[in-house]
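J.: Fold the stuff below for me.
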Amino acid sequence: MEHLEPKQKASIMIAVMAAMFFAAINMTIVGTSLPKIIAQIGGMEYFDWVFTVYMLTSTITAMLVGKLSDIYGRKVFILIGIGIFMIGAFLSGTSETIIQLVIYRGIQGLGSGMIMSSAFTTVADLFAPRERGRWQGALGGVFGLSSLFGPTLGGFIVDNYDWHWVFWIFLPIGFVAFAMIWRLYPAHVRQGEKEPVDYLGSFTLTIMIISLLLGFTWAGNEYEWTSVQIIGLFSVTVISLLAFIWIELRAKSPVLPLHLFKNGVFTVSNIAGMLLGMGMFGTIMYVPFYVQGVLGRSATVAGLVEMVMTVSMVLSSILIGNLITKTGKYKIFALTGFVIMATGLFLNSTLHPDSPMWRIIVQLMIVGVGLGMNMPVFNITVQNAVSHKYLGVATAAMQTFRQIGGTIGVAILGSVMGHLMENKLKETAVQPSSAPSPEMEQSLGALKDPQVLMNADKLADIRADLPAEMTGLFDQMINLLKEALNYALTGVFTVSAFIVLAALFTTFFLKELPLRSSNSEKEPEHAAHLQPAESK
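T.: This next block holds a predicted model:
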């Protein structure tokens, strides 16, 4: 598609970005609105599954569609993805039970994985590596905008209108995106003989991803890390991984060609991307705990604080994308971005309960700038390092590794927070001077859970129900709980900073290859010698 006119390319990218925005905004809009949705349809025990099933299905389809789109083209999968996503969104709005909502969100995830995988690869189809920077930055900006407006809009809708519109409000964008892709996106022209589909490899890869993500999602939350369930899931992961490798080494057209990992740029980029995902999701997940739990601000304020980080990330991503296109350099931006991001996280690790709000805002801006500098880089390095026939599977692998990194990061950092907070509370335990009544003991017992700090109204209700002689003890326990949460979160930010430093160290081994100025150029030497046996 590189031969298309610039206006045609821009039109196709606008259509692709509309499809991506449609998927991304539906992902972010649910976070703030879900508590009120659950309050109406019930099923609090399945709350996490609304997010977990979406993550599972989108990760699996992104990886599988990567290979299939290399065979059959991107257009068909973007269209199918938009269609499935729209069906899932519409059905989600009709949910009468939490089980229905979980199933329909799983359908949405299937469509989302198709859209995301095909969209990022479309950039590589349309533009030479030297030109991709600005468009990869623009796609990062789409994610940023969805993170910017989604949560606020979701809260506004459930506060003022029927919650069903959370899922339905953006359906018109889906229809527009579908029509634009149908009309503007060129049809795929198959070259060479039809490749067989690796069904057995796809099945074992799916089992591996599901068991791995569920293991890290449930560990420390639903089950103990050493429980039979978690050990069982990780055992299934290892067994399915070994089976997958055995199958792929013998498959005629493997779903994930293992010879790609002989390519140092491909391997290093995926490792760095996974570590970036761990650091990124850790920051996004745990900053609200500090703003709401330690500083005692509202969820709205926490959202506005994270919005500052998002804006700095979007602007940085777009700027660096354009600089990559202009200079042809990328490694220096990745290294600098990791240094800046780690600096911001280390500064976060020095926060205390009396830190001013402006300080966390400035430090999150620093984190956002560093994160944004890395957003466009590793997709470009992976796509530039492999031959054109593997663009889809290579791009999907990068997305999968980043998603897995995010899941692992949240699990590890959650365990770090829980462990540090438990130890701190044991050190600073406060006992009442006289034995409290069973009712007061129950009220004070609620303060053992740090989640109570996230709900100022609940704290006020607990305090109001206590007799006057117990309010002093209550206030003392709240302050100690905030100090313990702050101690735990500074530990989380410290670990996140070291994870980002590990990504920095990994990136030093990234070989900076010249960005090709045309997709039709002779394949680079590093990719040419890595062709699989059947092509020789």
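J.: Show me what the longest helix seen in the chain packs onto, helices and strands only.
T.: Counting by DSSP state H, the longest helix found in the chain is helix 468-507. Here helix 468-507 touches helix 264-288, helix 331-348, helix 391-427, helix 438-445, helix 456-465, going by 3 or more CB pairs under 8 Å, 6 or more residues apart in numbering; DSSP states H and E. In this view, the C-beta of every residue, glycine as well, is placed from N, C-alpha and C.
J.: Single out the most deeply packed of the ones you listed.
T.: Comparing the helices and strands packed on helix 468-507 by mean neighbour count (mean count of other CB atoms under 10 Å), helix 264-288 ranks first with a mean of 23.
J.: in whichever helix or strand comes after it, what counts as buried?
T.: Next helix or strand after helix 264-288 toward the C-terminus (DSSP states H and E): helix 299-327. Buried residues in helix 299-327, counted by 16 or more other CB atoms under 10 Å: 299, 302-303, 305-307, 309-325.
J.: related to what we said a few turns ago, to residue 501, which of the helices and strands packed on helix 468-507 lies closest?
T.: The closest of the helices and strands packed on helix 468-507 to residue 501 is helix 331-348. By CB to CB, the value is 5.2 Å.
J.: Outside of the closest one itself, list whatever touches it.
T.: 272, 276, 279, 283, 290, 316, 320, 323-324, 360, 363-374, 377-378, 490, 493-494, 496-497, 500-501, 503-504, 507-508, 510, 512 (CB atoms under 8 Å, 6 or more residues apart in numbering).
J.: If any of those are buried, put those into a ChimeraX selection.
T.: Buried residues within those, by 16+ other CB under 10 Å, are selected in ChimeraX with:
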select :272,276,279,283,290,316,320,323,324,360,363,364,365,366,367,368,369,370,371,372,373,374,377,378,490,493,494,496,497,500,501,503,504,507,510
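J.: Can you name the residues that contact residue 77?
T.: By CB under 8 Å, 6+ apart, the residues touching residue 77 are 65, 68, 69, 114, 117, 118.
J.: Quickly note the distance from the first one to residue 174.
T.: Put plainly, it is residue 65. According to CB to CB, to the nearest Å, residue 65 stands 18 Å off from residue 174.
J.: what about those two, which has more around it?
T.: residue 65 (28 against 22; other CB atoms under 10 Å).
J.: any idea how far that one is from residue 508?
T.: 33 Å.
J.: picking up where we left off before, what's the closest of the contacts of residue 77 to residue 414?
T.: residue 117 (27.8 Å).
J.: Nearest spatial neighbour of the closest one, chain-adjacent residues omitted?
T.: residue 62 (4.2 Å; CB to CB, 6 or more residues apart in numbering).
J.: Can you get me a residue count around the one you found?
T.: 28.
J.: packing partners for the helix or strand that contains it?
T.: Assigned by DSSP H and E, residue 62 belongs to helix 47-72. If you count contacts as 3+ CB pairs under 8 Å, 6+ apart, helix 47-72 packs onto helix 6-41, helix 75-93, helix 98-126, helix 199-218, helix 391-427.
J.: The second one vs helix 6-41, what angle?
T.: Helix 75-93 and helix 6-41 meet at an angle of 20 degrees, taking axes from the mean of the first three to the mean of the last three CA atoms, to 10 degrees as the criterion.
J.: One more: the third one?
T.: Using the same axes, to 10 degrees, the direction of helix 98-126 lies 170 degrees away from that of helix 6-41.
J.: Just the angle for helix 98-126 relative to helix 391-427, thanks.
T.: 130 degrees.
J.: any idea how far helix 98-126 is from the chain center?
T.: Remark: helix 98-126 is offset 13 Å from the chain centroid, using CA atoms, centre = their mean, to the nearest Å.
J.: what helices or strands is the following helix or strand past that helix leaning on?
T.: Sequence-wise, the next helix or strand downstream of helix 98-126 (DSSP H and E) is helix 132-160. The contact analysis (3+ CB pairs under 8 Å, 6+ apart) places helix 132-160 against helix 6-41, helix 98-126, helix 165-168, helix 299-327, helix 377-385.
J.: on contacts alone, who are the packing partners of the shortest one?
T.: In terms of contacts (3+ CB pairs under 8 Å, 6+ apart), helix 165-168 is packed against helix 6-41, helix 75-93, helix 132-160.
J.: now stretch 127-145: mean pLDDT?
T.: In this model, stretch 127-145 has an average pLDDT of 77.
J.: Neighbours of residue 249, how many?
T.: What residue 249 shows, counting by other CB under 10 Å, is a neighbour count of 11.
J.: Give the closest residue to it in space, chain neighbours not counted.
T.: residue 258 (6.4 Å).
J.: how near is the one you found to residue 244?
T.: 9 Å.
J.: Flag the shaky bits of the stretch 201-350 of the chain, pLDDT-wise.
T.: Scanning the stretch 201-350 of the chain for pLDDT under 70 picks out 282, 299.
J.: In this structure residue 73 contacts residue 187, no?
T.: Yes. Applying CB atoms under 8 Å as the test, residue 73 and residue 187 come out as touching, 7.3 Å apart.
J.: So which of those two has more stuff around it?
T.: residue 73 (20 against 7).
J.: Can I take it that residue 511 is in a helix?
T.: No. Looking at residue 511 with DSSP: H, G, I helix; E, B strand; the rest coil, it is coil, so not inside a helix.
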